[in-house]
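> pasting a predicted model and its sequence here:
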Amino acid sequence: MKFFADTADTAAIAELAETGLLDGVTTNPSLIKKSGRDIMEVTKEICGLTDGPVSAEVVALDHAEMMKEAEVLRKIADNVCIKVPLTIDGLKSCKALTSDGTMVNVTLCFSASQALLAAKAGATFISPFVGRHDDNGFDGMQLIEDIRLIYDNYAFETEILVASVRHGMHVLEAAKIGADVMTAPPGVIKALFKHVLTDKGIEAFLADWKDTGQEIG
Ligand code: G3P
């Protein structure tokens, strides 16, 4: 499963990129606002920190305007992936952009039927929001299972990008289901490295090692 960072914080992205485990980045208008930076400038910088896809979201609601915004955003770098909302105009834009060889991430997906439409529109990625689904009394991971089943039934190539990931259990369940990608805030990704028994084990090994009086090398 590929790991994308869901942030526009370039310092956090650079830190994750150094682990060699970062496969791409997703942003959205809220994350751009949080960064306090200009979308063009920050997206260009992010595109230089990873070779993987970097999702940049359009804000227009009608097809013609979306295409104009996509044209601006995709010129930022070759690894820009245009993010469009799951609406009729969004999927019209998705079809046009992917037909032209541009990567498209269809976002704000909350049903398996919507995911089916996105796949039929040729989406590169579909982004079901598991956390927000859970928040509203639905089962986010069931949505991922349903989409996996449908995509496998018809051999759709659209990648399932599990979004709105809030904790490690979302990541684990996404991997068990066979999602293609998950995107999470840097804090959630960094928490995956942690285990109390790992820390305790290191502490005990280092204490015993000190008692041996040895050095390596
Ligand atoms: O990738 C979409 C994601 O940013 C939404 O996450 O936590 O705002 O629901 P959240």
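Looks like it came in fine.
> what's the average pLDDT for the lengthiest helix in the chain?
Using DSSP state H to define each element, the chain has its longest helix at helix 196-212. What helix 196-212 shows for mean pLDDT is 98.
> residue 182: which element?
Using DSSP states H and E, the element containing residue 182 is strand 181-184.
> which is the next helix or strand following that strand?
Counting by DSSP H and E, what follows strand 181-184 is helix 186-191.
> for that following helix, packing partners?
Other helices and strands packing on helix 186-191, by 3 or more C-beta pairs under 8 Å, 6 or more residues apart in numbering; DSSP states H and E, are strand 2-6, helix 10-17, helix 168-177. No exception for glycine: its C-beta is placed from N, CA and C like everyone else's.
> okay, these in TSV with mean neighbour count, distance to residue 82 and mean pLDDT next?
Formatted as TSV, the helices and strands packed on helix 186-191 follow (neighbours: other C-beta atoms under 10 Å; distance: least, C-beta to C-beta, whole Å; pLDDT from 0 to 100):
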stretch	mean neighbour count	distance to residue 82	mean pLDDT
strand 2-6	23	15	98
helix 10-17	17	19	98
helix 168-177	17	23	98
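> the ligand: which of those is closest?
strand 2-6 (4.7 Å; C-beta to the nearest ligand atom).
> strands paired with that closest one, and their directions?
Sheet partners assigned to strand 2-6 using DSSP bridges are listed as strand 24-26 (parallel), strand 181-184 (parallel).
> got any ranges where the chain has weak pLDDT?
The model of the chain has no residue with pLDDT under 70.
> return the residues of it in contact with the ligand.
Contact residues, the chain versus the ligand (C-beta under 6 Å from any ligand atom): 6, 26, 28, 127, 129, 131, 132, 163, 164, 183.
> what's the PyMOL line that selects buried ones from those?
Entered in PyMOL, the line below selects the buried ones among the residues of the chain next to the ligand, by 16 or more other C-beta atoms under 10 Å:
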select buried, resi 6+26+28+127+129+131+163+164+183
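> so which of the residues of the chain next to the ligand is the closest to residue 65?
Of all the residues of the chain next to the ligand, residue 28 has the smallest distance to residue 65: 17.7 Å, by C-beta to C-beta.
> is it correct that the closest one is in contact with residue 127?
No. With contact defined as C-beta atoms under 8 Å, residue 28 does not reach residue 127; the gap is 9.5 Å.
> what is in contact with those two at once?
83, 107 (C-beta atoms under 8 Å, 6 or more residues apart in numbering).
> got the angle between the helix or strand containing residue 150 and helix 168-177?
Using DSSP H and E, the element containing residue 150 is helix 140-153. Orientation check (axes from the mean of the first three to the mean of the last three C-alpha atoms, to 10 degrees): helix 140-153 against helix 168-177 gives 20 degrees.
> and helix 140-153, what other elements does it pack with?
By 3+ C-beta pairs under 8 Å, 6+ apart, helix 140-153 packs against helix 112-120, strand 125-128, helix 130-135, strand 159-162, helix 168-177.
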